[in-house]
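Engineer: This is a predicted model, with the sequence first.
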Amino acid sequence: MSRIWKAVSLAIVVMMFTFIAAGCADGSSNEVNVGIVLPTKDEPRWVQDEQRFKDAIAKTDYTSEILFSQGSSAKEKENVETLISKGIDVLIITPQDGDAAASAVEAAKKEGITVISYDRLITNTDAVDYYVTFDSLAVGAAQAQYLVDNSQGSDVPLYLYAGAASDNNAFLFFEGAWKVLQPKIADGTFKIANSSEAESLKDKAELSRDELSKIIGQVTTNWDANESKNKAQTHLTAVSDDLKGDVAILAPNDGTARSIADVFATDSAVTSFLVTGQDAEKASVQYIIDNKQSMTVFKDVRTLVEDAMGMAIQVLDGKTPETTGSYDNGNTEVKAKQTDVIVVDKENVKSELIESEYYEAGDFTGLE
Ligand code: BGC
């Protein structure tokens, strides 16, 4: 009896070894071609990208794996190492923190992996091969232009908010917005309500990175809903009623816009507010339909994903990807492919987001 069991166990062990060896030998069973690292699952924006990447890779003969860094640069580095160990040839990565991600991509570069910075630029390293992005200066400019076009009268109180200082995009968004807002602050259309740093720079049309840092440091939301809410509450508590009434709010993206809008909506001295956004997140599209958020900047993630995957496939096929320009990342000029953005408000929400099949009408209520 025990001899039979021994023989059976031996046979099982031999079978297992053969199976594992076969899997390793041809590499096909667990090898990943394209590694994708995204910043966080806590914002719908990046969950959208995940789904669009899955749809895109399903149409190719290649394999991919998507990992999330959950707001941590340490986790991001670990994710990159995991993907390197799985044999990736291309890494598509949205850094949690543009500077901190340098060491992760340098590790990938050492292994001969092609690095594509996705939506956010990885800064101060030469280990980034390509950058796939939306026109981020245009995002900020569009938000600001919306406030200019839809504000009435003069001395309109202007509340400024920005993204995380660790994200290069936060600088581009704010820089783009400032170019449009500054002349309108100078001519008395707007008066800054919540930033002494912006107030002290209000006569300067062009701001240096250091000057932008000072303002962003003061009005950052850190891309965080709670921080946005707390800041908005603090600002409204600090100001007198002449900085309330009909106000304009530059909010950097949809998540922060909803938090800030909810706070402004509860202040009875605020009679109306314009508030910007970005990403066309479903919750914000509903806010726009319900008149709780004024606009969003629609960044069609399908195009960005197609561009990034297109580049990755060209690299895997041994070709050189096409680019349309370049971005200075503080160390080197990174070849870039850039996509335009679309302003969406209540007027065109249906044509831009439903008729383009980005979302389904059934995702929303009250859509006319
Ligand atoms: C992206 C935005 C996003 C923000 C917060 C930025 O880098 O471009 O689309 O809303 O990060 O995650």
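Structural biologist: Everything's here; your move. Numbering: from 1, shown residues only.

Engineer: CA only for contacts and neighbour counts going forward, please
Structural biologist: Fine.

Engineer: got the contact list for residue 128?
Structural biologist: Neighbouring residues of residue 128 by CA atoms under 8 Å, 6 or more residues apart in numbering: 105, 114, 115, 116, 117, 122, 334.

Engineer: Please tabulate the residues you listed in TSV, including the columns secondary structure.
Structural biologist: Formatted as TSV, these follow (DSSP: H, G, I helix; E, B strand; the rest coil):
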residue	secondary structure
105	helix
114	strand
115	strand
116	strand
117	strand
122	coil
334	strand
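
Engineer: chain center to stretch 208-221, what's the gap?
Structural biologist: Stretch 208-221 has its C-alpha centroid displaced from the chain centroid by 18 Å (CA atoms, centre = their mean, to the nearest Å).

Engineer: right, is it up against the ligand?
Structural biologist: No - for stretch 208-221, no contact with the ligand is found by CA under 6 Å from any ligand atom; the gap never falls below 9.8 Å.

Engineer: Not counting that stretch itself, show me its contacts.
Structural biologist: 160-165, 171, 174-175, 194-195, 197-198, 201, 227-228, 231, 256.

Engineer: Any buried residues in it, and which?
Structural biologist: Neighbour-count burial for stretch 208-221 flags 212, 213, 214, 215, 216, 217, 218, 219, 220, 221 (criterion: 16 or more other CA atoms under 10 Å).

Engineer: Which members of those residues are positioned in helices?
Structural biologist: Cross-referencing the buried residues of stretch 208-221 against helices under DSSP state H gives 212, 213, 214, 215, 216, 217, 218, 219.

Engineer: Of these, just say which sits nearest to residue 285.
Structural biologist: Checking these against residue 285 with CA to CA, the nearest one is residue 219 at 24.6 Å.

Engineer: The ligand versus that closest one, what's the distance?
Structural biologist: 15 Å (CA to the nearest ligand atom, to the nearest Å).

Engineer: can you check residue 201 too?
Structural biologist: On the measure of CA to the nearest ligand atom, residue 201 and the ligand end up 25 Å apart.

Engineer: Enumerate every residue touching that residue.
Structural biologist: Shown in contact with residue 201 (CA under 8 Å, 6+ apart): residue 211.

Engineer: Tell me which stretches of the stretch 51-200 of the chain form helices.
Structural biologist: 73-85, 102-110, 136-150, 168-186, 196-200 (DSSP state H, counting those that start in this stretch).
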